[in-house]
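Student: whatever this is, show me its structure:
(one chain, ligands or ions: 1)
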Amino acid sequence: MARKFFVGGNFKMNGTKESIKSIVKGLNEAKLDSNVEVVIAPPALYLQLASSELTAANVEVSAQNVYDKPNGAYTGEISVAQLKDSGIHWTILGHSERRTILGETDDVVAAKTKAAIDGGVSVVWCCGESLEEREGGRTVAVVEAQLAALAAKVSGADWNKIVVAYEPIWAIGTGKVATVQQAQEVHEAIRKWLKAKVSDAVADETRILYGGSVNGKNCKDLAKEKDIDGFLVGGASLKPEFIDIINSNL
Ligand SMILES: O=C(CO)COP(=O)(O)O
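Tutor: All right, here's what the predicted structure looks like:
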């Protein structure tokens, strides 16, 4: 089946009220490919601002993280129900910056993913290897272990609420994009794994995004690959070229 192209903008810990309003204005005024599903993920403080300013069709707002407990004494955290209550229906989870800097394990990420889905929030679930793991020939094994931890917690229709983002850590924010072949190879391995361990339908239908130094120039070639169904964009999502990335297939 044809998978709808998906582009996420992960603003990370960047932006102000003014700059976020200006990015949203840019999206509202741009001519965006109507065959693309877009989410923008500003810092939590600005989720509602972005939502209230957004008028572009096919663009939604996503959180960058959510906690897996329903409520209570978890200082600094935000629950799935609170996202929903604020009109937010997407979250990124398992970004490598949260895994490496904030110590989130495969199991923690899987538990959060399950909690988000159960609460009605869709997930851009991230995976990817470090440079050391790639150089040690362990890329596919690392990604498969991350997937296995996820598959231990989610099942059946949960997969309809998951978009997978493959983000090699060595390509994030470094300007060092994976080659088209390197990206396609891992995307294909992810799809094969889904087919073997989950189901043919999930393998066919799950969008697999590439993330890591995607920009307005390299996006078109990457987008042509058969297993690359979109992008998760960091730095370039804060710039006007984000529009070119959304329109990669035009
Ligand atoms: O981490 C990323 C998106 O989640 C990628 O970041 P860059 O596009 O800045 O490399």
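Student: SS state for the spatially most central residue of the chain?
Tutor: Closest to where the C-alpha atoms of the chain average out (CA atoms, centre = their mean) is V124, at 3.7 Å. Following DSSP: H, G, I helix; E, B strand; the rest coil, we place V124 in the strand state.
Student: beta partners for it?
Tutor: Beta bridges link V124 to I92, V163, judged by DSSP bridges.
Student: residues contacting P43?
Tutor: P43 makes contacts with F11, K12, M13, N14, G15, Q64, as judged by CB atoms under 8 Å, 6 or more residues apart in numbering. Yep, even glycine has a C-beta here, placed from its N, CA and C like the rest.
Student: again but with Y210, I slipped
Tutor: Each residue near Y210 by CB under 8 Å, 6+ apart is listed here: A165, Y166, E167, A178, A183, H187, L222, I228, G230, F231, L232.
Student: and the last one, how far from Y210?
Tutor: L232 sits 7 Å away from Y210, taking CB to CB, to the nearest Å as the criterion.
Student: pretty sure A44 contacts S79?
Tutor: No: using CB atoms under 8 Å, A44 is not in contact with S79; the gap is 11.7 Å.
Student: which residue is it, in this protein, that comes closest to the ligand?
Tutor: Here the chain gets closest to the ligand at one residue, G234, 2.2 Å apart by CB to the nearest ligand atom.
Student: thinking again about what came up before, mind listing the shared neighbours of L232 and Y210?
Tutor: Common contacts of L232 and Y210 (CB under 8 Å, 6+ apart): A165, E167.
Student: quick check: buried residues in the helix or strand where V143 lies?
Tutor: Using DSSP states H and E, V143 falls within helix 139-151. For helix 139-151, burial by neighbour count (16 or more other CB atoms under 10 Å) applies to T139, V140, V142, V143, E144, Q146, L147, A149, L150, A151.
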